[in-house]
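Chemist: structure, please.
(2 chains)
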Amino acid sequence: MTMDTVDAGMGKTVMCLLTDPEGTNLGSAMYIPQNAGPLQLTHLVNNFLNNEEMLPYSFYVSDEELLVPVGTYLEKNKVSVEKVLTIVYQQQAVFRIRPVNRCSQTIAGHEEAVLCVSFSPDGKQLASGSGDTTVRLWDLYTETPLFTCKGHKNWVLTVAWSPDGKHLVSGSKSGEICCWNPKKGELEGSPLTGHKKWITGISWEPVHLSSPCRRFVTSSKDGDARIWDITLKKSIICLSGHTLAVTCVKWGGDGIIYTGSQDCTIKMWETTQGKLIRELKGHGHWINSLALSTEYVLRTGAFDHTGRQYPPNEEKQKALQRYNQAKGDAPERLVSGSDDFTMFLWEPSVSKQSKKRLTGHQQLVNHVYFSPDGKWIASASFDKSVRLWNGVTGQFVTAFRGHVGPVYQVSWSADSRMLLSGSKDSTLKIWEIRTKKLKQDLPGHSDEVYAVDWSPDGEKVVSGGKDRVLKLWQG
Amino acid sequence: MPQGDYIEQHYKRNGRRFDYYERLRKKEAREPHKHSTKAQKSLGIKGKMIAKKNYSEKALMKKTLKMHEESSSRRKADENVREGAVPAYLLDREETTRAKVLSNTIKQKRKEKAGKWEVPLPKVRPVAEDEMFRVIRSGKRKTKQWKRMVTKATFVGPAFTRKPPKYERFIRPSGLRFTKAHVTHPELKCTFCLEIIGVKKNPNGPMYTSLGVMTRGTIVEVNVSELGLVTPAGKVVWGKYAQVTNNPENDGCINAVLLV
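Modeler: Sure thing, here's the model as predicted:
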């Protein structure tokens, strides 16, 4: 290997130690020439790890990303050459998503504001719910409407795809849940009743815990969350305990359900009997949104960027493999965003004390979302900014400013390199994580943007809002 | 009425008549018929009173029946689909509509134009001129009555010099001149003795403002440099408005509340 030969007579060298994010060292401290940049370091790491293919890595020195050759970094920061420089390497996603920059189609069809949009886990189907009480399915190849699903009596507030892509479930303002067949666009059975007030969130059980997908949990304003079985078409367990509305619910990868509520607490439930395991207290006001570090993987199930379809018995294994890879050795992390302008980072399986309190926003935090690889946390707030935090330690990284109205929702690209945000000022903005700057501005909506989603295969972005049209954006 | 319980004692010891219960039942059954003949046959005011009583009883009965009916029948929650659909995260929030924001800005501009400010004492008792001034007789024969003396507390600036006595019409006695005011901060609830810089506005009229008369409700400007307030831009604030809350001519001191 030519990289680490000590050439005292030639360029200057510096002593470096490569470590991975968990702290284990890669080899011992070695001399690296000062004109070595991230590319050369990538080669080095690949060689050390004996990777068959060249995997991309990003390097961090004391939490700052290393974008320039080592020598320039030393000069800028006046680090002593005598000390051993610790460089942390992190693997990036193998595939790269093309940034989206144009609106390929504006599809009308809904008669009232579009309230929620969702891509199916394989990225081939698109569903949207609106204030005109219909759920519409759209064809992505021709970018035209496919089916109009009628059955709800009031506004459709949430839609959720099952992680295997076979079922679509939607919740409405009257407390009913409808199950749809996405291939035909028909209602399966009759609407499920049980909740007394509107549905605030739906979350499916991960594929690696039970395949085929049967159970999902819904949260409602009436203060309880219910677990339903889609084959039995009824509510199995009712998780009651919250005193005020439950604003969000997430089914974790370890089989625990997390519910966040307006009574300022987060409760953890076990799923076989519906018992309360733990209560996480700390917030001072309503909890608006929850996010899990493995959320993206749980949502996409066995599908990944290759787009391969798996037969049902292999799905569970593949999903489990993806889940373990995303989770790593550390326990699952949970972040909650609240009306008290702060967020908490929790490790719920370890302790009921929060790991860190993330402060900085000047208005309420509306939406929090972990990046697909779990390294970053993005938070959208009504103070017109999107903030980026380190997904492991919770440290603040940067604030993305550019919106002129409250930011409603954020969405990540599948390779975790880009972040999308939709706001009340009717624009969407794409932010690049590497440079920490605005990558692309996507204006075009004529009114507030209520929902955004990036397809798991990275090809398209969909956005819907008060102007009743759905916009598809492409690269 | 029986004085004593000998009647009760009798039927407790000997029992009642054999047909007592039958007769009682029939009498009670005749009661509604009797009531209705009475109601139909009564004339004049009596008839009207009976009719009114009957009507109020009927209304009450109807209400109770309806109430009972409500609880037994299950009604579907009749929710009409309203306009203005919002997503779940905006449902519990009252967002000010754009129209309201615009109308608020217009209202604020109008208020500023009119010069109406929000003060702790919006209305004060008007002070009449004869209460404010006392006529001073002057001249050799003390017949001229064109001079007036102010009877309320006044503020004259530090550079004040009297006009020549022949020409001064309004006399402000030095006993009623004040330079300092006890100013209370409304939120901190602590009082400071601060110097007065000037009288900004007396609600009784512009003449009193120009004379520097301080009555209850007058807005004065005080020197707040001791408090150490700083504007968001970084400049030090040294003058702030305060409103007088007492009657200084009665108390001998000026109490004011700071307008923040």
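
Chemist: just give the number of residues close to residue 31.
Modeler: Chain wasn't specified; assuming chain A. 16 (other CB atoms under 10 Å in any protein chain shown). Bear in mind the C-beta positions are built from the backbone N, C-alpha and C, glycine included.

Chemist: think we crossed wires, I meant chain B
Modeler: 10.

Chemist: ok, now how distant is it from B:Arg125?
Modeler: 68 Å (CB to CB, to the nearest Å).

Chemist: now A:Trp228
Modeler: Distance from A:Trp228 to B:Arg125, by CB to CB: 70 Å.

Chemist: and if you look at A:Ile32?
Modeler: Here the criterion is CB to CB. By it, A:Ile32 lies 86 Å from B:Arg125.

Chemist: just the helices in the chain please.
Modeler: Because you didn't say which chain, this covers chain A. A:38-49, A:70-77, A:295-300, A:312-327 (DSSP state H).

Chemist: actually, chain B is the one I wanted.
Modeler: B:6-14, B:20-41, B:44-72, B:98-114, B:129-132, B:206-211, B:248-251.

Chemist: run the angle between the longest one and helix B:20-41 for me.
Modeler: Going back to what we said before, that points to helix B:44-72. 120 degrees (axes from the mean of the first three to the mean of the last three CA atoms, to 10 degrees).

Chemist: what helices or strands is helix B:44-72 leaning on?
Modeler: Other helices and strands packing on helix B:44-72, by 3 or more CB pairs under 8 Å, 6 or more residues apart in numbering or on different chains; DSSP states H and E, are helix B:20-41.

Chemist: so which residues on the stretch 101-250 of chain A come close to chain B?
Modeler: A:112-113, A:115-116, A:130-133, A:153-155, A:157-158, A:173-174, A:198-201, A:221, A:245, A:247 (CB under 8 Å from any CB of the partner chain).

Chemist: which non-adjacent residue is nearest the residue of the stretch 1-150 of chain B found nearest chain A?
Modeler: Nearest residue of the stretch 1-150 of chain B to chain A (CB to the nearest CB) works out as B:Ala85 at 2.2 Å. Closest residue in space to B:Ala85, ignoring its immediate chain neighbours: A:Gly131 at 2.2 Å, by CB to CB, 6 or more residues apart in numbering or on different chains.

Chemist: just B:Thr231 next, same as before
Modeler: With CB to CB, 6+ apart, the residue lying closest to B:Thr231 is B:Val237, at 5.9 Å.

Chemist: just give the number of residues close to that neighbour.
Modeler: B:Val237, neighbours per other CB under 10 Å, totals 12.

Chemist: how close does it get to chain A?
Modeler: 25 Å (CB to the nearest CB, to the nearest Å).

Chemist: and B:Gly234, what's its pLDDT?
Modeler: Predicted confidence (pLDDT) for B:Gly234: 68.

Chemist: actually B:Pro164, not the one I wrote
Modeler: So, for B:Pro164, pLDDT stands at 91.

Chemist: OK, contacts around it?
Modeler: If you count contacts by CB atoms under 8 Å, 6 or more residues apart in numbering or on different chains, B:Pro164 has none.

Chemist: max-length strand in the chain?
Modeler: Picking chain A for this. strand A:25-33 (DSSP state E).

Chemist: my question was about chain B, not that one.
Modeler: Longest strand in chain B, counting by DSSP E: strand B:191-201.

Chemist: list the buried residues in that strand.
Modeler: In terms of neighbour count (16 or more other CB atoms under 10 Å in any protein chain shown), strand B:191-201 has its buried residues at B:Phe192, B:Leu194, B:Ile196, B:Ile197, B:Val199, B:Lys201.

Chemist: ok, stretch B:177-191 next?
Modeler: Buried residues in stretch B:177-191 (16+ other CB under 10 Å): B:Phe178, B:Ala181, B:His182, B:Val183, B:Thr184, B:His185.

Chemist: low-confidence ranges in chain A?
Modeler: A:1-11, A:81 (pLDDT under 70).

Chemist: for whatever residue of chain A ends up closest to chain B, what are its contacts?
Modeler: Closest contact between chain A and chain B, by CB to the nearest CB, is at A:Gly131 (2.2 Å). Going by CB under 8 Å, 6+ apart, A:Gly131 touches A:His110, A:Glu112, A:Ala113, A:Val114, A:Leu115, A:Trp155, A:Val156, B:Val81, B:Glu83, B:Gly84, B:Ala85, B:Val86.

Chemist: want to throw those into TSV with neighbour count and distance to A:Thr265?
Modeler: Output for those, formatted as TSV (neighbours: other CB atoms under 10 Å in any protein chain shown; distance: CB to CB, whole Å):
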residue	neighbour count	distance to A:Thr265
A:His110	25	36
A:Glu112	18	34
A:Ala113	23	31
A:Val114	29	32
A:Leu115	30	27
A:Trp155	26	27
A:Val156	31	28
B:Val81	16	33
B:Glu83	8	34
B:Gly84	10	31
B:Ala85	26	29
B:Val86	19	25
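
Chemist: quick one: find the helix or strand in chain B with the lowest mean pLDDT.
Modeler: helix B:98-114 (a mean of 77; mean pLDDT, DSSP states H and E).

Chemist: ok, now which ones touch B:Glu249?
Modeler: B:Thr151, B:Lys152, B:Ala153, B:Leu176, B:Thr215.

Chemist: repeat that with 6 Å
Modeler: B:Lys152, B:Ala153 (CB atoms under 6 Å, 6 or more residues apart in numbering or on different chains).

Chemist: and for A:Leu17?
Modeler: With contact taken as CB under 6 Å, 6+ apart, A:Leu17 is in contact with A:Ala29, A:Val84, A:Thr86.

Chemist: beta partners for A:Leu17?
Modeler: Using DSSP bridges, the beta-bridge partners of A:Leu17 come out as A:Thr86.

Chemist: and the strands in the stretch 251-400 of chain A?
Modeler: Listed in chain order, the strands of the stretch 251-400 of chain A (DSSP state E, counting those that start in this stretch) span A:256-261, A:265-270, A:276-281, A:287-292, A:334-338, A:343-346, A:356-358, A:365-370, A:376-381, A:385-390, A:396-401.

Chemist: so which of these is nearest B:Ala39?
Modeler: strand A:256-261 (60.9 Å; CB to CB).

Chemist: specify the angle between the closest one and strand A:334-338 in degrees.
Modeler: Using the same axes, to 10 degrees, strand A:256-261 lies at 10 degrees relative to strand A:334-338.

Chemist: and strand A:256-261, anywhere near chain B?
Modeler: No - Strand A:256-261 lies out of reach of chain B by CB under 6 Å from any CB of the partner chain, never closer than 11.8 Å.

Chemist: direction included, what does that strand pair up with?
Modeler: When DSSP bridges is applied, strand A:256-261 pairs with strand A:246-251 (antiparallel), strand A:265-270 (antiparallel).

Chemist: which of the ones you listed sits most buried?
Modeler: A comparison of the strands paired with strand A:256-261 by mean neighbour count, using mean count of other CB atoms under 10 Å in any protein chain shown, puts strand A:246-251 on top with a mean of 26.

Chemist: contact partners of that one?
Modeler: A:200-201, A:203, A:205, A:217, A:219, A:225, A:257-261, A:288-290, A:292.

Chemist: farthest pair within the residues you listed?
Modeler: Among those, A:Glu205 and A:Asn288 lie farthest apart (CB to CB), at 23.5 Å.

Chemist: what residues does chain B put near chain A?
Modeler: Counting by CB under 6 Å from any CB, the residues of chain B near chain A are B:Glu79, B:Val81, B:Ala85, B:Pro87, B:Ala88, B:Tyr89.

Chemist: hmm, try it at 7 Å
Modeler: Residues of chain B lying close to chain A (CB under 7 Å from any CB of the partner chain) are B:Glu79, B:Val81, B:Ala85, B:Pro87, B:Ala88, B:Tyr89, B:Leu91, B:Asp92.

Chemist: noted, bye for now.
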